[in-house]
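Undergrad: Any chance you can model this:
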Amino acid sequence: MKLERPLWTLIHLTVLLTGGCALTYQVVWQRYLSRLAGSDSLATAVVLAVFLGGLSVGYLVCGRWSRRLRRPLWTYGILEIGIGGWALLFPWWFSIVERLTAGWSFAAPGWLVIQGTVGAILLVGPPTVWMGATVPMLTRGLVRDLERATGTHARLYAWNTLGAFVGTLLAGFALIQLYGLPGTLKRAAIVNLIVGGIWLVLDRWDIGRRLHDSRPTTTSPPIGVSIGERRLLWTLALLSGVYFMLFESLFVRILKLTIGASSYSFSLVVAVFIASIAVGSFWVARRPRVSLATAAFSLSIALLGLGLLFMTLDRWPYLAHVVRIGFSGSIEAMIFYYSLVFVVLTVVLIVPVAAMGAVPPILFDRLKGELEDLGSASGGLLAWNALGNLLGGLIGGYLLFAYLGIGEVFVVGLLLVALSVGLTIRWLSFRGRLLAIVALTLAVFVSVTFPYDPLRFASGTFRIRSPLDYSHDGASEFYRQFYESRSVLAYVDDPTGTFSVIENPRPEETLALRFPALAAALIEQLGSSGESRPRSVLVNGKSDSSTYFDRETLRLAAHIPALLVQEPRSAFVIGLGTGVTAAELTLHPGMKDVTVAEIAPAVVDFLPHFRAANRDLEHNDRVTIDVGDALRILRRSDSRWDIITSEPSNPWVTGVDQLFSRDFYRLVKSRLEDGGVFLQWIQRYATNEQIMALVMQTVRSEFPHVYLFRTASGDDLLLATETALTPARFAAVDDRMTHSTDLAASLADVGIDSAAALQALLDDDALAAALQREIPGIETLDHPRLHYLSGQAFFRGASIDEERALLGY
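TA: Prediction:
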């Protein structure tokens, strides 16, 4: 008896640690696999499917295998050592697989699914199967008494999940930034190896017998489960996995639209969901008895909570805005802000999500059967649940969005939970049935009345850091005034994100009302927008390109490299946006082929809204648009170009930082023709000098000659070459500008009428200062820092024109 408490404490600690390692691996491996298959949503879905599929296989196969093992705890220790060893060797193995698959196209959608699946299985298949085997092995080895089986299983599941919660937050907010991908894997692997060694010692000490010899063993006979009931329980476990993953994916998307599409949003939602599972499992573990009536009650609570939440979703961006304007731009304020977001999310989600998370442990209680079958019951249950997660991630997180919006997918999730309530309602008491009927009625009500306005997500409020006159007037009045002078021309939720086209008031009109001095200065600098109203394409609520405020940057991103490379014939553009840069490249005589890599199909579909600015680009036969991840397209292409221009989204957006890495610049260099040039866009707003230095020094690490062109619209353009630009190159600009009337007019519109005007944009002093500045290290795919530094700068609003951001252009 004296040993029992410390032994269980040790057991729970090891289970918590391995849960943290598992989620850390998932985050890190996802980043590695994005190099292989890409960062677009289909590639991400494929990787998730393989990860969850491996867990499902491990749960099922090893759960059944556990009944034949004499020493399941020894096997568990070996599994943890195997997982740790795989993680330790993963960077080496990844480099081998990367070389083996170098000739694969990964072309979407067919080959991406097939080859992406094979690549992911090679890289993470074995360890995910071993991870799936761990809980069934522990359950089989530690439980010697059916009476306590449910509580023990629920506690193990809860502590493992609690560890996963900690791992999600640590990986998302600290470990990767501090130690890089290999360093994070190494630290997690060491933990796994130590835990595995501990369990080999515990097995040798016969911990299972020592734990149970000190407690009386009950001999309650197992309750038989009919084939029909077993199938019902499997169905409930499957449905539980489907709607759980569906809602997790949904709330990740909603939070990205609410506070911005950084990795912080993903980490916060996943952490809250995992913590809620742990709470649900602890609740089951502490109950003296559970039954299918308990499952039905939990499902009714979940349905009721989710139905009520659905009625509030379109108010989330407004509420986040009200909270955000109460914070300053300091790092301390950022920590407190994200902590507050986490607390609020937890309060809002914990009841329905914990109720969903309680269902699998309750189902286990009914399935546990004979003592020897505990591992099999646990494995089978978790296998069906993981299969449901897989289906929920693929269908609910990807495929449904090809046909439905966020609101409609939420209703699908509600109906799945309602189906589970309907399947279990017969086990409820009279009062329980009343609760279930109320929950079902609410689900039907919100499905029919649909109290959800998707257009409130069209333009993100997370960029507004200062109060508006109507910020505290309530959601309805806020959105009425916010969209009073704006028009949403297009809006779509698709598998890759949320996209919109917004027509804004003319800048001189809006600015003159609120900031007369700023309006006068801006019009003097950039000129009037004329009669047409500026339009912006927004991705996940953030403007990625504007026909007015970005026009200088978009045009110069085409003209600077095209004017300074000898006889440009081909160009590769990363990021379509409004299509202006690609269109401007075609103005240069001799330009025969312009290839554009755009990750989002919706952005391509929006091109007609910008015909006046992009010269009817969709009908230009010299322009080819490849939809997919730019890094993958470049890596798998054999083509070479005279010009490569990179205009991705901001590096604080998830996945974009890969396009600012030394690995990417090395790839770009290999895809340039002799004498070719590369142009990198980087914003001066929402940034700081350390970030600018990091980008410039990373570009310089691959290109010996870098030139900084500083625009008047808050952006920098870095031109990188293998050979220095001679004075003759600049001297030739005057002559080349006269070759096309349209080209000359386009340049004149942004203030460039001569080679001297172009050279005036060069800022050698700023470049020299950035190259000499001390930085934490060059940006690489193995050690990404830029995403996290940019996320901090974005929150702080460092060096940003807040009045411009206020208008949302």
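
Undergrad: any idea of the pLDDT on the closest residue in space to L175 that isn't next to it in sequence?
TA: What sits nearest to L175 in space, not counting adjacent residues and going by Cβ to Cβ, 6 or more residues apart in numbering, is T184, at 4.5 Å. Backbone N, C-alpha and C define where each C-beta goes, glycine included. If you check T184, the pLDDT there is 97.

Undergrad: any idea how far P91 is from T184?
TA: 11 Å (Cβ to Cβ, to the nearest Å).

Undergrad: the more surrounded of these two?
TA: T184 (24 against 16; other Cβ atoms under 10 Å).

Undergrad: Provide the strand pairings for the longest strand along the chain, with the direction of each partner.
TA: Counting residues, the longest strand found in the chain (DSSP state E) is strand 672-683. Counting by DSSP bridges, the strands paired with strand 672-683 are strand 641-646 (parallel), strand 715-721 (antiparallel).

Undergrad: hey, which of those strands is tucked in deepest?
TA: Highest mean neighbour count among the strands paired with strand 672-683 (mean count of other Cβ atoms under 10 Å): strand 641-646, with a mean of 26.

Undergrad: Render the CA-only coordinates of stretch 48-59 in PDB, please.
TA: C-alpha atoms of stretch 48-59 as PDB (Å, rounded to 0.1, in the frame of the first residue of the first chain):
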ATOM      1  CA  LEU A  48      -2.800  13.800 -41.400                       C
ATOM      2  CA  ALA A  49      -4.500  10.800 -42.900                       C
ATOM      3  CA  VAL A  50      -1.300   8.800 -42.700                       C
ATOM      4  CA  PHE A  51      -0.600   9.900 -39.200                       C
ATOM      5  CA  LEU A  52      -4.100   9.000 -37.900                       C
ATOM      6  CA  GLY A  53      -4.200   5.800 -40.100                       C
ATOM      7  CA  GLY A  54      -1.000   4.600 -38.400                       C
ATOM      8  CA  LEU A  55      -2.500   5.200 -35.000                       C
ATOM      9  CA  SER A  56      -5.600   3.300 -36.000                       C
ATOM     10  CA  VAL A  57      -3.600   0.300 -37.300                       C
ATOM     11  CA  GLY A  58      -1.500   0.400 -34.100                       C
ATOM     12  CA  TYR A  59      -4.600   0.500 -31.900                       C
END
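
Undergrad: what comes into contact with it?
TA: By Cβ atoms under 8 Å, 6 or more residues apart in numbering, the residues outside stretch 48-59 that reach it are 26, 29-30, 117, 120-121, 124-136, 378-387, 389-390, 393-394, 397.

Undergrad: what would the strands paired with strand 672-683 look like in JSON lines with mean pLDDT and distance to Q683?
TA: As requested, the strands paired with strand 672-683 are exported to JSON lines (pLDDT from 0 to 100; distance: least, Cβ to Cβ, whole Å):
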{"stretch": "strand 641-646", "mean pLDDT": "98", "distance to Q683": "13"}
{"stretch": "strand 715-721", "mean pLDDT": "95", "distance to Q683": "5"}
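
Undergrad: can I get the ones you listed in JSON lines with distance to S570?
TA: Shown next, in JSON lines, are those (distance: least, Cβ to Cβ, whole Å):
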{"stretch": "strand 641-646", "distance to S570": "5"}
{"stretch": "strand 715-721", "distance to S570": "16"}
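
Undergrad: can you tell which of these is closest to T18?
TA: Ranking these by proximity to T18 (Cβ to Cβ) places strand 641-646 first, at 40.3 Å.

Undergrad: got a list of contacts for the closest one?
TA: 557-558, 561-562, 565, 567-575, 581, 585, 595, 630, 659, 668, 671-673, 675-681.

Undergrad: Next SSE downstream of that strand?
TA: helix 662-670 (DSSP states H and E).

Undergrad: Distance check, the closest residue to L725 other than its chain neighbours against P72.
TA: Excluding the flanking residues, the one nearest L725 by Cβ to Cβ, 6+ apart is L564, at 6.0 Å. Per Cβ to Cβ, L564 is found 68 Å from P72.

Undergrad: Comparing those two, which shows the higher neighbour count?
TA: Legend: neighbour count by other Cβ under 10 Å for L564 and P72, higher for P72 (25 against 22).

Undergrad: pLDDT (mean, whole number) over the helix or strand harbouring H321?
TA: Under the criterion of DSSP H and E, H321 resides in helix 316-324. Averaged across helix 316-324, the pLDDT comes to 93.

Undergrad: Show me what secondary structure element comes after it.
TA: Counting by DSSP H and E, what follows helix 316-324 is helix 331-357.

Undergrad: what's downstream of that following helix, the next helix or strand?
TA: helix 359-367.

Undergrad: from the chain's centre, how far out does that following helix sit?
TA: Between the centre of helix 359-367 and the centre of its chain there are 32 Å (Cα atoms, centre = their mean, to the nearest Å).

Undergrad: same thing with stretch 52-62?
TA: On Cα atoms, centre = their mean, the centre of stretch 52-62 falls 25 Å from that of its chain.

Undergrad: ok, back up a step: for PyMOL, what selects the buried ones among the contacts of strand 641-646?
TA: Of those, the buried ones go into a single PyMOL selection, burial set by 16 or more other Cβ atoms under 10 Å:
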select buried, resi 557+558+561+562+565+568+570+571+572+573+574+575+581+585+595+630+659+668+671+672+673+676+677+678+679+680+681
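
Undergrad: Buried residues, stretch 8-25. List them.
TA: Applying 16+ other Cβ under 10 Å to stretch 8-25 flags 11-12, 14-25 as buried.

Undergrad: Walk me through the domains of the chain.
TA: Following automatic domain parsing, one gets these domains for the chain: 1-214, 226-368+403-452, 456-544, 549-807.

Undergrad: of all the buried residues of stretch 8-25, which comes closest to L257?
TA: Nearest member of those to L257, counting by Cβ to Cβ, is L23, at 23.9 Å.

Undergrad: Count the neighbours of A293 for me.
TA: 16.

Undergrad: Flag the shaky bits of the stretch 651-800 of the chain, pLDDT-wise.
TA: Along the stretch 651-800 of the chain, segments meeting pLDDT under 70 span 798-800.

Undergrad: Apply 90 and report the result again.
TA: 654-655, 684-689, 711-714, 726-741, 775-777, 791-800 (pLDDT under 90).

Undergrad: how near is R666 to T780?
TA: 10 Å.

Undergrad: in the stretch 551-700 of the chain, which spans are helices?
TA: Secondary structure of the stretch 551-700 of the chain (DSSP state H, counting those that start in this stretch): helices at 551-564, 580-585, 601-605, 611-614, 630-636, 662-670, 689-700.

Undergrad: Nearest to A320 among the ones you listed would be which one?
TA: For A320, the closest of those is helix 601-605, at 23.5 Å, according to Cβ to Cβ.

Undergrad: Which secondary structure elements does the closest one sit against?
TA: On a contact count with 3 or more Cβ pairs under 8 Å, 6 or more residues apart in numbering; DSSP states H and E, helix 601-605 meets strand 487-494, strand 497-503, strand 623-627.

Undergrad: Tell me which of those strands sits nearest to L708.
TA: Counting by Cβ to Cβ, L708 lies closest to strand 623-627 out of the helices and strands packed on helix 601-605; the figure is 28.2 Å.
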